[in-house]
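In: Just the structure for this:
(one chain, ligands or ions: 1)
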Amino acid sequence: MMSGKLSYPEFLTWVYNELKGHQYGGVFCFNRPIIFLRDPDLIKTITVKDFEYFTDHLTIIKEEEDVLWGKGIFNLQGQRWKDMRSILSPAFTSTKMKTMFHLVSQCGKQLIDFLDNCCNNHIPEKTCKVEKEGGLLVVELKDLLTRYSNDVIATSAFGIGVDSLKKPSNEFYLMGKEATNFRLYVWMGYSVFPKLMQMLNIDLIPKKVKNFFRALIKNTMVTRERDGIERPDLIQMLMQTYKSRIQDDKMPLSKRKMDDDDLIAQAFLFFVAGFESTATAMCFSCHQIGVYPEIESKLQQEIDKVMRESGGNITYEAINSMKYLDMVISETLRLFPPTGAMDRVCIKPYTLQADPPLDMKPGDGLWIPIYAVHQDPENFPDPEKFDPERFNDENKHNIKPSTYIPFGIGPRICIGSRFALMETKILLVYLLHHFNLKVVSKTPNPVKIKKHGFIMVIEGGFWMGLEKRNQSRNML
Ligand code: HEM
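Out: Below you'll find the model as predicted:
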């Protein structure tokens with residue numbers, strides 16, 4: 001994989017297939033032996049039933065290696081992770097999503113305004129990857145949707161409104177791109193030889209990016225505190241929790257302690273964790289919808305109906321009532337899970353009850369190959385087919401437990417899954433209500449995943465044509 005012969009999904013599938021007939025096997029990540037789980041029951045045992053032996057991620061960046069990254073919940077271990085998870089979870093409930101729905105919808109409307117302007121020949125120069133071809137607007141979806149995703153996180157996690165479509169070179173967008181521009185070798189280096197990387201003074205995330213985000217969050221907190229500003233966003237929720245813990249004298253002091261860096265690290269992590277993965281999920285959804293016109297038209301019928309009933313002002317409840325929309329997104333996340341694999345580390349002696357049993361010691365690592373599990377014909381017949389009907393009311397109960405895991409599984413499951421789904425649904429509703437997605441000459445079909453990196457990026461880009469729909473007809 002490091003030499004670019006195999007893409008990340010291909011690598012996972014190759015190991016998975018080599019281990020056919022076994023519940024688990026072993027691989028080396030450089031000098032480190034890793035257990036590669038294959039069997040869904042074992043995956044469940046490790047991540048759910050015996051979670052107390054495997055509470056932590058294997059590949060983590062420690063606080064002393066990078067404070068901003070190391071204090072983020074993804075990297076926290078044991079009790080510290082547990083405490084932080086209980087602080088953050090209330091910020092991601094359905095009720096909280098409902099309060100943020102309006103902020104995200106604004107970004108959806110902003111995107112449609114931008115595309116409408118482009119249709120009217122107001123394509124900003126040297127900005128986004130948008131072209132005109134006959135009656136179609138041809139867009140590179142990754143570029144377009146990364147900007148949408150950026151604006152969504154900016155408004156809902158950092159409390160600032162930016163328009164990365166109209167102002168493509170805004171500092172927040174540029175810094176965000178740099179923050180999420182994972183250099184594979186630097187990441188591998190930090191996960192295998194962290195001390196060496198520090199000695200060589202190679203930063204995981206460039207200093208100027210860290211300073212930018214730190215100053216931004218700090219200033220927002222100071223301004224809100226000073227001027228009594230309240231806004232229904234994640235930063236507000238974190239600030240409230242922070243305050244209530246400090247004031248809670250029933251809680252032991254050690255648990256109450258949470259400094260500015262703790263708070264800044266979480267907001268930063270939401271950005272890094274949510275920006276690329278959600279944009280990737282949205283790109284694959286749009287690509288598949290465009291490639292299958294019959295799926296597109298069925299989805300548009302559902303969307304138009306809900307739009308008509310709500311007079312064009314969709315609500316959180318309305319979006320969540322759309323079954324076919326949910327099925328299309330679920331199938332996209334099955335076929336193209338943005339996070340190909342996840343990991344765990346053993347924290348106390350444990351015997352894996354498998355064939356053969358395996359004694360594990362603290363520090364032993366495990367990989368769970370999400371992509372390969374989703375592609376196994378024993379879990380999903382005809383796995384390469386894009387078929388949303390797998391998730392209809394009749395069929396979804398037949399999906400074997402622990403075989404559909406795009407957001408992970410167990411107490412450490414993705415904390416932002418509700419948010420990611422809401423953001424993706426809002427995008428698809430607005431986009432498909434106003435436009436038809438059309439395959440053009442530059443649309444890759446079938447898609448080929450790039451050979452370098454852990455992120456699911458496709459060769460040639462997600463080019464897709466957009467055809468304006470007749471609005472008055474859609475609302476009839
Ligand atoms: C389609 C989009 C997304 C996908 C596919 C995804 C997937 C994942 C996966 C597979 C994990 C590891 C879970 C495990 O180890 O069991 C994870 C963890 C995490 N995700 Fe997401 N994610 C997405 C969007 C988001 C968003 C929008 C946010 C924040 C707003 C977010 C925040 C996090 C955090 C903080 C963790 C670490 C949780 C912990 O360690 O307790 N993710 N995500």
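In: Report how many residues lie close to residue 425.
Out: Residue 425 has 25 neighbouring residues, counting by other CB atoms under 10 Å. Every residue, glycine included, has its C-beta placed from N, CA and C.
In: Could you do residue 377 as well?
Out: Using other CB under 10 Å, residue 377 has 9 other residues around it.
In: Wait, a helix at it?
Out: No: Residue 377: not assigned to a helix; according to DSSP: H, G, I helix; E, B strand; the rest coil it is coil.
In: Tell me which residues touch it, please.
Out: Residue 377 makes contacts with residue 383, as judged by CB atoms under 8 Å, 6 or more residues apart in numbering.
In: per-residue confidence for it?
Out: At residue 377, the pLDDT value in this model is 97.
In: How about residue 102?
Out: Looking at residue 102, its pLDDT reads 93.
In: mind listing the strands for this protein?
Out: 24-29, 32-37, 130-133, 136-140, 342-345, 350-352, 358-360, 365-368, 435-438, 463-468 (DSSP state E).
In: and those, which one is worst for confidence?
Out: Per-stretch mean pLDDT for these is lowest at strand 130-133 (a mean of 84).
In: That one pairs with which strands?
Out: Strand pairing for strand 130-133, using DSSP bridges, gives strand 136-140 (antiparallel).
In: what's next to the strand it pairs with, contact-wise?
Out: Taking CB under 8 Å, 6+ apart as the rule, strand 136-140 contacts 115, 118-119, 128-132, 435, 438, 440, 442, 461-468.
In: Could you do stretch 277-289 as well?
Out: 141-142, 145-146, 148-149, 152, 295-296, 299, 328-329, 331-333, 335-336, 338-339, 386, 420, 423-424, 427-428, 431-432, 437, 443, 447, 455-457, 462, 464.
In: Average pLDDT for it, rounded please.
Out: Averaged across stretch 277-289, the pLDDT comes to 96.
In: Does the ligand have contacts with that stretch?
Out: Yes: contact of stretch 277-289 with the ligand (CB under 6 Å from any ligand atom) involves 277-278, 281.
In: Dump that stretch to PDB, keeping only the CA atoms.
Out: The C-alpha trace of stretch 277-289 is given here as PDB (Å, rounded to 0.1, in the frame of the first residue of the first chain):
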ATOM      1  CA  SER A 277     -15.500  12.100   5.700                       C
ATOM      2  CA  THR A 278     -18.900  13.800   5.300                       C
ATOM      3  CA  ALA A 279     -17.800  15.500   2.000                       C
ATOM      4  CA  THR A 280     -16.700  12.100   0.800                       C
ATOM      5  CA  ALA A 281     -20.000  10.500   1.700                       C
ATOM      6  CA  MET A 282     -21.900  13.300  -0.100                       C
ATOM      7  CA  CYS A 283     -19.700  12.900  -3.300                       C
ATOM      8  CA  PHE A 284     -20.300   9.200  -3.500                       C
ATOM      9  CA  SER A 285     -24.000   9.600  -2.900                       C
ATOM     10  CA  CYS A 286     -24.400  12.200  -5.700                       C
ATOM     11  CA  HIS A 287     -22.200  10.100  -8.000                       C
ATOM     12  CA  GLN A 288     -24.300   7.000  -7.500                       C
ATOM     13  CA  ILE A 289     -27.600   8.900  -7.800                       C
END
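In: Quick one: residues contacting the residue in the stretch 251-400 of the chain that the ligand sits nearest to.
Out: Closest residue of the stretch 251-400 of the chain to the ligand, CB to the nearest ligand atom: residue 274 (2.8 Å). Counting by CB under 8 Å, 6+ apart, residue 274 makes contact with 149, 153, 157, 416, 419-420.
In: Near the ligand, which residues of the stretch 1-150 of the chain? Just list them.
Out: Residues of the stretch 1-150 of the chain found near the ligand (CB under 6 Å from any ligand atom) are 73-74, 85.
In: What's the ChimeraX line that selects buried ones from these?
Out: The ChimeraX selection below is limited to those of those classed as buried (16 or more other CB atoms under 10 Å):
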select :73,74
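In: now the residues of the stretch 1-150 of the chain next to the ligand in CSV, with pLDDT and distance to residue 163?
Out: Formatted as CSV, these follow (pLDDT from 0 to 100; distance: CB to CB, whole Å):
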residue, pLDDT, distance to residue 163
73, 93, 29
74, 92, 29
85, 92, 33
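In: Leaving out chain neighbours, which residue sits closest to the residue in the stretch 51-200 of the chain that the ligand sits nearest to?
Out: Closest to the ligand within the stretch 51-200 of the chain is residue 74: 4.1 Å, counting by CB to the nearest ligand atom. Closest residue to residue 74 apart from its sequence neighbours, by CB to CB, 6 or more residues apart in numbering: residue 269 at 6.0 Å.
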